[in-house]
Each structure stands twice: as structure tokens, then as C-alpha cells.
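Undergrad: what follows is a predicted protein model with its sequence.
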Amino acid sequence: MDETTEQWSLPDDAKNILLERFKALKEKVILEVFTTKKQENPFDSLTITFAQALGTLSDKIEVHLNTIGDKKSKEYQVTHSPTVLLQPAQYKIRYTGAPFGEEGRSFIEAIILASRKESNLTSTSKKILSKLKEKRIIQVFVTLTCPYCPGQVINAFRAAIERPDLISAECIDGEENLDLTQRYNVSSVPQTIINEKTISFGFEPEEQFITELVSLKPQTELFTGGRTDLTQKAELDLIIVGAGPAGLTAGIYAARSGLKTVILEKSIIGGQVAITPLVENWPGFQQIAGKKLMELITAQARHYVSILEGEDVQEIKIGKHIEAITRNARYISKALILATGSVHRRLKVSGEDKFYGHGVSYCATCDGYLFKGRQVVVVGGGNTALTDALYLKNLGAKVSIIQLLDAFTGEAALVSSVNHEKIPVFTNTSVEEIIGTTSVTDIKIKNLKDGAERPLPTDAVFVAIGEIPNNTLAVELGLKIDPHGYVLIDRDGRTNIPRIYAAGDITGGVRQIVTAVGHGATAAVSAFEDLLHPYWIQKTP
């Protein structure tokens, strides 16, 4: 163990948070840590130190150190270093790779679940899982910078705790374990493999994951929607759909106004900002990682309001009350704010769908680490594309930028940084086709000035050509939208339907973090005032 590692310790704020969380521990949890004898991997000593630090915070966490090649490693078939097993006498749960970064969240959650012998699955998930009769081996490939990954890992671990007789679950850091990454052709995370078959890419709602786990059929073959359990009901003053900057800010302002509020988020908290490598235009910070910024906003919001992840609102009904219906529950309120944001715009070229997860990516933060030292292209010329290109360059990837126009549309500061890094740029160029066998090997590009086409070798295509509004619920409700699909609102965040408000990127305009939080605050204040003085109720003369 080197001097740096010996001096490393948990920060005080992290200790305090963990001490509070570990109050939930009930029974002793054993962490079996496996490393090489000489600790050749730089993560070996850090994993040992981290595990031992956790052991000092609770007498219910016991750490055992082992060496790859010893009797215990052979017993548990551990071959990669570092590896951590959780309570292996009872459960088949392991981390192949260091449980750091984003996966620190799933690691702590797994320790608590194992200690309490509780899966925390919904009643519907437990019912589905009770039908399982055959063994399931789950492998979730992650990177330590992917904010979507911990949710999928927790899905797998909960299943393993619920059915320890048949289910094993493994979290694999794809960057540290390139042999496994190559074996399973992983180039996008989270990638979930069950019984040697790739089942899904990305984070999934719990019940969808459990259904796929039992059936061994991926979402495209199996899941067609439909609610499984509407027995839970929650009566509120305000429902906020979406936990990006707009939704979180709306939650803070609504709760401080005295409205009983819940925020429902189908995926991860933070929206697009959570996967932005660096934010340089947020007041008060010269530079801050997008994930860190959203953690700060989320921590503040949680003081005031409940934020429920994995709650995909499938239908909204408007009557005397407003109902938001998910797979798990029916939420009843007096008003609702749509803060559903936007989704990545697609290239719509041949090969894009085929190689999604195998070289086509929309998240440099999630998947960039898998392409260190390899050739990649970023498609786009705005702020996101330039930020992604700089991030990938910093990781050690060989980056080129392809854009339709003859000049970038991103901020001058980002353009200057790209020029300084001497990143090759193909202007007036389009991507016509994405080519490969099992993964991307080339793209066909076209010079828009002379029409010439040629292949360009690359291992990955990171698409960053803007977003389109996530407006499915808005359209189903009958909200007025503009020709580009954005919800039309007045200066107070009101839509054309009373008690329905909208905020953030779903409303178009200047789609920036700072404007999104302003929209969220405005919509929440308007909802509060309108519920006190309903403008839609005509007064009797």
C-alpha cells in the first residue's frame, strides 16, 4: 500500500452521511475483498482502504481480506482484482471492480439491504419473481461515471436478495475489466446480461427489469406497457413530473409555499445536466461537474419534497382532481407541473439503431471511459458536442468532430478550447451511414459542398445534435404546442388547461439550466396562487 493510499480517508461529510445511513443496519454483513498479492491494480489498495473505512463506521460491517489464487477465491471463483463479495454465505452478490464513483451509491444500498435481509422490491415485483423456477446469473456492466448505472445495479441486487436460491448478481466495471467488456461486446452502459444473453441497455423501471429477468426476453420483445398495480394512492396538492433542474426547483418553491408535493421521475434525477461533464455558465461556479451541480440541487430539494425515481407517469387524467398514473400507484392532486424536459435527437441513418450500445452512444459521460485510446467521433456543433469532444479528449480518446455547418454554434469559450486542443473537425459534413459487424468500425461521411462520400474509421459515434421535447404526455392531454413540439405557456407557466403548468426544456426557448430553474420557480408560485384564487372559476355576479 503506497503512502497516498495510507493517508486516504473518508471526508467528514461522507462519514456523517454514512453514519446516519448505517443506523438502518440490523445484522452483521461480511465484505470479502479479493486483490492480487502485490496489489498491481491501482484500485486494489484503494478498495481495501475503502472497505476498512466502512468497517470503522459500524460494528455490523466486517471486512475480510483475501488474495486472488487462495483457497477462498477458488471457492467463490474469483479471478479479477479487485472483487468484493457481500455476505457470500447468504447471497450471490459481487462487485468485479472497485465500488467507487457512482457505484458507491449501489454499494452502500447493497450493504444495507443485505444487513436487513430485505429486498425492498414492490409487491408486484415480488409476485412476478415468485414464479421463477430456474437459475439466473445477472451481470450489469457499468462505468464509475455513469449516473444511470447504480439504479440498474440495485435492481439486480434486490432480485438476488429476494431470491438467493436462484439469482446471482454481479456489477462489473467495464473500464477495469476490458477482457469481460470485449467478451460481451460492451460499448455502452449500463448493459445488462442475464444467463449470457444481453437483455437491455440503460436503466429500467424495477418491474420491467424483474419481468425481463423471469422471462429472459428483452423489452423490445416483451414489454408493451400497462399498469400492474394501482392499489397505492397518494393525495396531494401538486404533482411535478420530471426531476431535472426545473422540476426540482418547482418542488422547492411549492413545498416552501405549503403545498403537499411529490416529484415523479421515470429515470435518474438531474436530467440532461446529470450527464454533462462540465458546466461553466452556472452563477457562483467558474466550473462545476453537471453531476455535482445536480447533487447540490437535489440535496436541497429533498429537504422539502419527496422525489420518487423509477416512477414513469403513463397517463394523466383531468377531472375534479388531477390523476397521474404510474405502474405502481395513482397520485391524486389539485395541480400538476410538467417538467419532462427533452430527449436526444437521433441521426436517423442506417446503422444507428443496430449499433446502439455497440458503438453508438448519446452519453459521453457514461460510455466515454470504454473508448480510452480509441478512435471516436462526436457528431454536432453546439455546446453539448463541444463539451463531449473535450471530455473524450481528456480521457485519452482520439476524437474528431463532424458537423453539418461551416462553423460551430456553441459558445466561443468552448470553440476556443476545441481549437486549443487541436481536435480535428469535419465541417459541412454529414454522417450518411454507420457501419460495422458486431460493433461500429466505420462511418460513411459526405462532404456537403461537393457531394463526395468516403468511409471514416471509428470505434464509436457520440451523437450530440440537440434535443427534441419529451412531449408525449403533453400531446395526450391536449396542451397547445408550437410547430417544434414545445408546450406553449404564458409568462406564469400556465398552459391552455387550468391547473396544468409546464417548466424547463419542454417549453423551448433558451434551453439553459438557469432558465429552467426560473421556469420551475415561476410555475410553482403560479400553482400556489391559482389554487388560492382559481382564475378558471367564474364568479357569480
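TA: Nice, I can see it. In this text, all values refer to a predicted model and were calculated from it rather than measured experimentally.

Undergrad: and the strands in the stretch 251-400 of the chain?
TA: For the stretch 251-400 of the chain, the strands defined by DSSP state E, counting those that start in this stretch occupy 261-265, 306-309, 315-318, 322-325, 329-333, 335-338, 342-344, 360-361, 375-379, 398-402.

Undergrad: ranking those strands by burial, who's on top?
TA: For the strands of the stretch 251-400 of the chain, average neighbour numbers computed from mean count of other Cβ atoms under 10 Å are highest in strand 335-338, which has a mean of 29. The way it works is simple: take the backbone N, C-alpha and C, and place the C-beta from them, glycine included.

Undergrad: remind me what that one packs against, helices and strands.
TA: On a contact count with 3 or more Cβ pairs under 8 Å, 6 or more residues apart in numbering; DSSP states H and E, strand 335-338 meets strand 238-241, helix 245-256, strand 322-325, strand 500-502, helix 513-532.

Undergrad: so can I have TSV of the ones you listed showing distance to residue 194 and mean pLDDT?
TA: Formatted as TSV, the helices and strands packed on strand 335-338 follow (distance: least, Cβ to Cβ, whole Å; pLDDT from 0 to 100):
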stretch	distance to residue 194	mean pLDDT
strand 238-241	31	97
helix 245-256	32	96
strand 322-325	29	94
strand 500-502	38	97
helix 513-532	37	95
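
Undergrad: just put those in a markdown table and tack on distance to residue 446.
TA: Formatted as a markdown table, these follow (distance: least, Cβ to Cβ, whole Å):
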| stretch | distance to residue 446 |
| --- | --- |
| strand 238-241 | 40 |
| helix 245-256 | 37 |
| strand 322-325 | 45 |
| strand 500-502 | 38 |
| helix 513-532 | 34 |
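
Undergrad: identify whichever of these lies nearest to residue 387.
TA: Set against residue 387 and scored by Cβ to Cβ, those come closest in helix 513-532, at 13.0 Å.

Undergrad: if we go by neighbour counts, what in the closest one is buried?
TA: Buried residues in helix 513-532, counted by 16 or more other Cβ atoms under 10 Å: 513, 515-528, 530-531.

Undergrad: and that helix, what does it pack against?
TA: Checked by 3+ Cβ pairs under 8 Å, 6+ apart, helix 513-532 has helix 245-256, strand 335-338, strand 500-502 packed alongside it.

Undergrad: could you redo the last one with a cut-off of 6 Å?
TA: Secondary-structure packing of helix 513-532 (3 or more Cβ pairs under 6 Å, 6 or more residues apart in numbering; DSSP states H and E): helix 245-256.

Undergrad: rewinding a little: go through the strands of the stretch 251-400 of the chain and name the closest to residue 479.
TA: Residue 479 lies closest to strand 335-338 among the strands of the stretch 251-400 of the chain, at 7.8 Å (Cβ to Cβ).

Undergrad: who does that closest one pair up with?
TA: strand 238-241 (parallel), strand 500-502 (parallel) (DSSP bridges).

Undergrad: JSON lines for those, including mean neighbour count and distance to residue 414?
TA: JSON lines is the format used below for the strands paired with strand 335-338 (neighbours: other Cβ atoms under 10 Å; distance: least, Cβ to Cβ, whole Å):
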{"stretch": "strand 238-241", "mean neighbour count": "28", "distance to residue 414": "31"}
{"stretch": "strand 500-502", "mean neighbour count": "28", "distance to residue 414": "29"}
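
Undergrad: mind checking which of those strands is nearest residue 333?
TA: That would be strand 238-241 among these, by Cβ to Cβ, at 4.5 Å.

Undergrad: redo the strands paired with strand 335-338 as TSV? Include distance to residue 280.
TA: Output for those, formatted as TSV (distance: least, Cβ to Cβ, whole Å):
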stretch	distance to residue 280
strand 238-241	28
strand 500-502	27
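
Undergrad: and the ones you listed: which comes nearest residue 426?
TA: Residue 426 lies closest to strand 500-502 among these, at 37.5 Å (Cβ to Cβ).

Undergrad: name the nearest residue to the residue most central in space within the chain, sequence neighbours excluded.
TA: By Cα atoms, centre = their mean, the chain has its centre lying nearest to residue 148, at 2.3 Å. Among residues not flanking residue 148 along the chain, residue 203 sits closest, at 4.2 Å (Cβ to Cβ, 6 or more residues apart in numbering).

Undergrad: pretty sure the one you found sits against residue 151.
TA: Yes: assessed by Cβ atoms under 6 Å, residue 203 is found in contact with residue 151 at 4.4 Å.

Undergrad: so which of the strands paired with strand 335-338 comes closest to residue 332?
TA: Per Cβ to Cβ, nearest to residue 332 of those: strand 238-241, 8.6 Å.

Undergrad: my guess is residue 408 meets residue 416, correct?
TA: No: contact criterion Cβ under 6 Å: residue 408 and residue 416 do not qualify, at 10.2 Å.

Undergrad: who has more neighbours out of those two?
TA: residue 408 (21 against 11; other Cβ atoms under 10 Å).

Undergrad: closest one to residue 61 among the helices and strands packed on strand 335-338?
TA: Closest approach to residue 61 among those is made by helix 245-256 (32.2 Å; Cβ to Cβ).

Undergrad: so where's this structure shaky on pLDDT?
TA: Low-confidence segments of the chain, defined by pLDDT under 70, are located at 1-9, 219-234, 539-541.

Undergrad: let me see the domain layout of this protein.
TA: In terms of domains, the chain is parsed into 3-222, 232-343+468-532, 360-465 (source: automatic domain parsing).

Undergrad: quick one: these as JSON lines, columns for distance to residue 353 too.
TA: Output for the domains of the chain, formatted as JSON lines (distance: least, Cβ to Cβ, whole Å):
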{"stretch": "domain 3-222", "distance to residue 353": "10"}
{"stretch": "domain 232-343+468-532", "distance to residue 353": "15"}
{"stretch": "domain 360-465", "distance to residue 353": "8"}
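
Undergrad: the ones you listed: which one's closest to residue 350?
TA: The nearest among these, by Cβ to Cβ, is domain 360-465 at 4.7 Å.

Undergrad: quick one: end-to-end distance for that closest one.
TA: Domain 360-465 has an end-to-end distance of 13 Å (criterion: Cα to Cα, to the nearest Å).

Undergrad: closest one to residue 27 among the strands of the stretch 251-400 of the chain?
TA: With respect to residue 27, and counting by Cβ to Cβ, the nearest of the strands of the stretch 251-400 of the chain is strand 306-309 at 26.8 Å.

Undergrad: and the closest one, what other elements does it pack with?
TA: strand 261-265.

Undergrad: dump the strand it packs on to CSV, keeping only the CA atoms.
TA: The C-alpha coordinates for strand 261-265 follow below in CSV (Å, rounded to 0.1, in the frame of the first residue of the first chain):
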residue,chain,number,x,y,z
THR,A,261,-45.9,18.0,-3.3
VAL,A,262,-44.3,14.9,-4.9
ILE,A,263,-41.8,14.8,-7.8
LEU,A,264,-42.1,11.7,-10.1
GLU,A,265,-39.1,10.8,-12.2
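
Undergrad: need the strands of the stretch 251-400 of the chain in TSV (columns: distance to residue 134).
TA: Shown next, in TSV, are those (distance: least, Cβ to Cβ, whole Å):
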stretch	distance to residue 134
strand 261-265	33
strand 306-309	30
strand 315-318	34
strand 322-325	33
strand 329-333	31
strand 335-338	42
strand 342-344	36
strand 360-361	33
strand 375-379	39
strand 398-402	44
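
Undergrad: nearest to residue 59, out of these?
TA: Going by Cβ to Cβ, the one of those nearest residue 59 is strand 306-309, 31.1 Å.

Undergrad: direction included, what does that closest one pair up with?
TA: Sheet partners assigned to strand 306-309 using DSSP bridges are listed as strand 261-265 (parallel).

Undergrad: okay, the angle between the partner strand and helix 513-532?
TA: Strand 261-265 runs at 140 degrees relative to helix 513-532, counting by axes from the mean of the first three to the mean of the last three Cα atoms, to 10 degrees.

Undergrad: what's in contact with strand 261-265?
TA: 236, 238, 240-241, 243, 247, 251, 254-255, 305-309, 311, 313 (Cβ atoms under 6 Å, 6 or more residues apart in numbering).
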